[in-house]
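> this is the structure alone, sequence omitted:
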């Protein structure tokens, strides 16, 4: 935190896994003391030992108390200046990549998030597919009008949208890629070939930069559990 404060950023972008359900409000409050806008989405770890409904209510409460906390899932379009717009959505591994539902690997989310607990495997994967479709729809709903009026769209999400960025074995990929979101990003990018789309995500803990199209760049940050670190700096060009 001290190192980040010394950087004096104009804003901070966090792509999830801030904490867990039991301490998320505490850690958001600490982040808010940096003073600048804290733009964030949540990751799967943020729901551990809690529920989707409970964490959503907690985050809304935290943002109402600290106006520099900006929960991108609910903020809509954020104008950053210089023809750049920021949007965000949590995203989720949608169960379609790699071995899909045939994977012998399971996820700790099934034990640690209430809505997943005790669900049959088939039901769990259907929930993942629906969450992937929902995030893809949410992206296109915001991205199309944003790109009609701006030159550069930044998307913050948690789970990488392409297999090439996940850097995982096939049995793990169902939980590490949001295939539906990736497909929608490519569709929108083809619709606006002269506009730029930058995607920032995490989840895999492995650094990667991937360009599926000339106007799309996906950045995945490196991370180590329980260690705070700055993944990089985003410069917004003036118009």
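Happy to help now that I have it. Every value quoted in this text rests on a predicted model; they were computed, and no experiment measured them.
> for the rest of this, base every contact and every neighbour count on C-alpha atoms.
Noted.
> by mean pLDDT, point me to the weakest helix or strand of the chain.
Of all helical and strand segments in the chain, the minimum by mean pLDDT, DSSP states H and E falls on helix 2-7, at a mean of 64.
> helix or strand right after that helix?
Note on helix 2-7: by DSSP states H and E, the next helix or strand toward the C-terminus is strand 12-15.
> show me what that next one is packed against.
Here strand 12-15 is seen to pack against strand 38-41, strand 152-156 when contacts are counted using 3 or more Cα pairs under 8 Å, 6 or more residues apart in numbering; DSSP states H and E.
> contacts for the helix or strand following that strand?
Next in sequence after strand 12-15, counting helices and strands by DSSP H and E, comes helix 24-32. Residues from elsewhere that reach helix 24-32, judged by Cα atoms under 8 Å, 6 or more residues apart in numbering: 18-19, 38, 46, 58-59, 62, 66, 68-69.
> for this protein, which helix is longest?
Scanning the chain for the longest helix, with DSSP state H as the assignment, gives helix 121-149.
> low-confidence bits of the chain, can you list those?
Where the chain drops to pLDDT under 70, the residues are 1-7, 226-229, 237-239.
> next, give phi and psi for the residue nearest in space to the middle of the chain.
Nearest to the geometric centre of the chain sits residue 157, at 1.8 Å (Cα atoms, centre = their mean). Phi and psi for residue 157, reported as degrees, to the nearest 10, are phi -150, psi 170.
> what sits against it?
Neighbouring residues of residue 157 by Cα under 8 Å, 6+ apart: 15-16, 41, 88-91, 199-202.
> give the contact list for residue 219.
198-201, 207-210.
> out of the contacts of helix 24-32, list just those in strands.
Counting by DSSP state E, the contacts of helix 24-32 place 38, 69 in strands.
> just the buried residues of the contacts of helix 24-32.
Applying 16 or more other Cα atoms under 10 Å to these, the neighbour count classes 18-19, 38, 46, 59, 62, 66, 68-69 as buried.
> which of those residues sits closest to residue 106?
residue 46 (18.4 Å; Cα to Cα).
> next, count neighbours for residue 195.
Burial of residue 195, expressed as a neighbour count using other Cα atoms under 10 Å, amounts to 18.
> look up how far residue 209 lies from it.
Distance, residue 195 to residue 209, using Cα to Cα, to the nearest Å: 19 Å.
> equivalent analysis for residue 59, please.
Taken as Cα to Cα, the span from residue 59 to residue 209 is 30 Å.
> then residue 140?
22 Å.
> and the two? which has more neighbours close in?
The residue with more neighbours, out of residue 140 and residue 209, is residue 140; 16 against 13, by other Cα under 10 Å.
> I'd say that one and residue 184 touch.
Yes. Taking Cα atoms under 8 Å as the definition, residue 140 is a contact partner of residue 184 at 6.8 Å.
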